[in-house]
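> Structure for the following, please:
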Amino acid sequence: MKKLENKVAVVTGGAMGNGLGIVKVFLKYGAKVVILDAAKELATTLGALEKEFPESTILGYEVDIRDKKMLEAICHDVYTKHGNIDVLVNNAGVCILEPFKDMSDEIRDKQFDINIKGTWNVTKAVLPYMKKGSIVNLSSVTGPKVADPGECAYATTKAALIGFTKGLAADLVSAGIRVNAILPGYIRTPMVENMAKQTNPIDPETVIKGIADAIPMKRMGTIYELGELAAFLASEESSYITAETIVFDGGSTLPETNSMGVSESVKNFV
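Model (predicted):
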């Protein structure tokens, strides 16, 4: 039996990027997947997934997670179709680079409203239909661990999700619902590519290469590697884990400095 066999999993932002990787891994392990996404790519993604996983059950709803009423209606519809919800992955989020001194309230609020309030809204809408199960929040190393210039609003939202994870885990543990957070570093996704374009519109690939070169593993993670971690946290394999935050960054937050230390090529002398 596959480890997510017949589990009903709601994944926000599942039409592309990290969310799509999570969706595909969940389908591989037998989950019935429900994608919530505001992106125009949703219909195309659903068509492609139905071809790739013809025997799987996949639903998709176009929704802005800031819309509480629509989320409530969607979750009721999912419950009507499936009878329960076992897993929620709060993946949807946005990042808009802007120096703090120049950032408008509108840009700040868009990130706060989607990344924090949107995650809150989806969780609130799903919980009435969860008897037990797992919630996986996608935070980031940005905010809790590190930050680059222009990421003040984004970093704030992702740090807030750590508090949300801890508080929610405390509230739900007696109900048999586990809550954990993944803190990804850089994974090549449309969001990262867009951030690279914001950083260097003329040559964004230079930014991408610079990111990869700075990671100890010398590469970005893949959306499927992230999906495997999310599947672990969603499954009974992690049945004794709750309120945990797991860094997923190829060691990018490991170095203390860029200049100190002995390289692997230097021999030890006695």
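> quick one: the helices in the stretch 101-250 of the chain?
105-111, 119-126, 152-172, 190-199, 204-214, 223-234 (DSSP state H, counting those that start in this stretch).
> Return the list of helices and strands in contact with the fourth one.
Spelled out, that is helix 190-199. helix 204-214 (3 or more Cβ pairs under 8 Å, 6 or more residues apart in numbering; DSSP states H and E). All C-beta spots, glycine's among them, are computed from the backbone N, C-alpha and C.
> what secondary structure does Val89 sit in?
At Val89, secondary structure determined by DSSP: H, G, I helix; E, B strand; the rest coil is strand.
> per-residue confidence at it?
Val89 carries a pLDDT value of 99.
> Same check on Asn268?
53.
> Compare the helices of the stretch 101-250 of the chain and say which comes out lowest on pLDDT.
Looking at the helices of the stretch 101-250 of the chain, the bottom one is helix 190-199 with a mean of 87.
> Can you give me the buried ones in that helix?
Buried residues in helix 190-199, counting neighbours by 16 or more other Cβ atoms under 10 Å, are found at Met191, Val192, Met195, Ala196, Thr199.
> C-alpha coordinates for stretch 84-92, CSV please?
The C-alpha trace of stretch 84-92 is given here as CSV (Å, rounded to 0.1, in the frame of the first residue of the first chain):
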residue,chain,number,x,y,z
ASN,A,84,-13.0,14.0,4.5
ILE,A,85,-9.8,16.0,4.3
ASP,A,86,-6.6,14.3,5.6
VAL,A,87,-3.8,16.6,4.6
LEU,A,88,-3.3,20.3,4.1
VAL,A,89,-0.2,21.8,2.5
ASN,A,90,-0.1,25.6,2.8
ASN,A,91,2.3,26.3,0.0
ALA,A,92,0.8,29.4,-1.8
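> What about Phe112, how many residues nearby?
Counted by other Cβ atoms under 10 Å, the residues lying close to Phe112 total 17.
> Quickly note the distance from Asp64 to Thr142.
From Asp64 across to Thr142, the span is 23 Å (Cβ to Cβ, to the nearest Å).
> ok so, going back, in CSV, list the helices of the stretch 101-250 of the chain along with distance to Val146.
Below are the helices of the stretch 101-250 of the chain laid out as CSV (distance: least, Cβ to Cβ, whole Å):
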stretch, distance to Val146
helix 105-111, 17
helix 119-126, 21
helix 152-172, 8
helix 190-199, 14
helix 204-214, 11
helix 223-234, 18
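> among these, which is nearest Leu42?
helix 190-199 (13.4 Å; Cβ to Cβ).
> got the angle between that closest one and helix 204-214?
110 degrees (axes from the mean of the first three to the mean of the last three Cα atoms, to 10 degrees).
> List the contacts of helix 190-199.
Where contact means Cβ atoms under 8 Å, 6 or more residues apart in numbering, the residues beyond helix 190-199 that reach it are 16-17, 93-95, 97, 150, 186, 204-205, 207-208, 211, 220.
> As TSV, the residues you listed with distance to Lys110 and neighbour count would be great.
Shown next, in TSV, are the contacts of helix 190-199 (distance: Cβ to Cβ, whole Å; neighbours: other Cβ atoms under 10 Å):
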residue	distance to Lys110	neighbour count
Met16	19	19
Gly17	18	23
Gly93	11	25
Val94	7	17
Cys95	10	21
Leu97	13	18
Gly150	15	19
Tyr186	22	22
Pro204	22	17
Glu205	27	10
Val207	23	17
Ile208	25	19
Ile211	24	19
Met220	25	21
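> for this structure, where's the lowest mean pLDDT among helices and strands?
Least confident helix or strand, the chain: helix 190-199 with a mean of 87, by mean pLDDT, DSSP states H and E.
> And that helix, how far out from the chain middle?
17 Å (Cα atoms, centre = their mean, to the nearest Å).
> ditto for stretch 25-33
For stretch 25-33, the distance to the chain centre is 16 Å (Cα atoms, centre = their mean).
> what mean pLDDT does that stretch have?
98.
> And it, end to end?
Its first and final residues considered, stretch 25-33 spans 10 Å by Cα to Cα, to the nearest Å.
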